[in-house]
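Novice: Model the following, please.
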Amino acid sequence: MSRQTLIRAAPVIFLLLWSGGFTVAKIGIHDADPLTLLALRYFCVLVLLLPFVLFVRPPLPKTCAEWLHLIIVGFLIQVVYFGTAWLAFSLGGSAGAVALITSLQPILVAVIMPRLSQESVSPVKWVGLILGLCGAALVITGNNGVQVVSTAVILFSVAALIAFTAATVWEKRFGSEHHPLTSNAVQYTVGFLCTLPLAALFEPMNINITIPFLMALAYLVICNSILAISLLLMMIRRGEATKVSALFFLVPPVSAFIAWIMLDEKMTPMAWAGMVVAAAGVWLVSRQQKQ
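Specialist: Presented below is the predicted three-dimensional model:
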């Protein structure tokens, strides 16, 4: 696959990989404590990356500022975002509830970015953002997926929302082009070094080795950690942050669609309508403005 083809296909590939992660994470957390699973996930990623890093020897960041920006984005995504989202799952929050709250991320990015850069959000894009949020909410409520069970679930989900918004804005504002091996190695090292002591401090670090758990771990390591995150950072650097963030409105619909195909979880007419509304919203945000 050529570089240009990859860039064009990146949004679709990312959406499919990321959307499957909600269900897979719930499967994994059933057999392991959430922070323990995160630490194991990051350790496995680093083990996989190490031979490639040693063989390719990708260029390292040239300045302290570049190192710092990589570390901050890695901490926000790998530690705060995933940590709080998975803690919400472990406390009984449904994937739908967490997805609905984190679906506010494109709205926050659209509000923040014009104040930090020359990126503007037109009235048409605002309509698209609102449509995307409404569509995501229709899918989740139509499938009866919103089952927030406690204040803690809400607080952890909001923390995940804030962390991912901050990571997106920071990467767009300060991020620079790095070799994928370099950015992944730095950010997952940060994730591992932070989540391992937290897991040891706050969890019994239980892991129940089962076939579903090993399959979930493999998906989280390869698809979510290496492929999806690399595509996300590439898209943020190459496009407007608001456009990239709008993709997250399609995560709940695509997650529900995948569950319908793979697990025969029925989608109601309201959920199907929500998919159409969310897709229309993302199209409005992502389309090229006529000159």
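Novice: Please report the distance of F257 from E203.
Specialist: Separation of F257 from E203 (CB to CB, to the nearest Å): 33 Å. Backbone N, C-alpha and C define where each C-beta goes, glycine included.
Novice: These two - which one has more neighbours?
Specialist: F257 (19 against 16; other CB atoms under 10 Å).
Novice: ok, and that one, which helix or strand is that part of?
Specialist: Taking DSSP states H and E as the criterion, F257 maps to helix 251-263.
Novice: Report the rounded mean pLDDT for that helix.
Specialist: If you average the pLDDT over helix 251-263, you get 69.
Novice: got it, and stretch 72-89?
Specialist: 92.
Novice: Considering only helices and strands, which part of this protein has the lowest mean pLDDT?
Specialist: In the chain, the helix or strand scored least confidently by mean pLDDT, DSSP states H and E is helix 241-246, which has a mean of 62.
Novice: Run through the stretch 101-250 of the chain and note the low-pLDDT ranges.
Specialist: 113-121, 136, 139-149, 237-246, 249 (pLDDT under 70).
Novice: Could you measure from S230 over to S103?
Specialist: Between S230 and S103 the computed distance is 23 Å (CB to CB).
Novice: more neighbours, these two?
Specialist: S103 (24 against 16).
Novice: Give the other helices and strands that the helix or strand hosting V12 contacts.
Specialist: Assigned by DSSP H and E, V12 belongs to helix 3-30. Using 3 or more CB pairs under 8 Å, 6 or more residues apart in numbering; DSSP states H and E, the elements in contact with helix 3-30 are helix 82-90, helix 95-102, helix 211-218, helix 229-238, helix 251-263.
Novice: With V127 as the reference, name the closest of the ones you listed.
Specialist: V127 lies closest, by CB to CB, to one member of the helices and strands packed on helix 3-30: helix 251-263, at 18.1 Å.
Novice: and the nearest residue to G21 once chain neighbours are set aside, how many neighbours?
Specialist: Take G21 and drop its neighbours on the chain: the residue closest to it by CB to CB, 6 or more residues apart in numbering is N224, 4.6 Å away. If you count neighbours by other CB under 10 Å, N224 ends up with 20.
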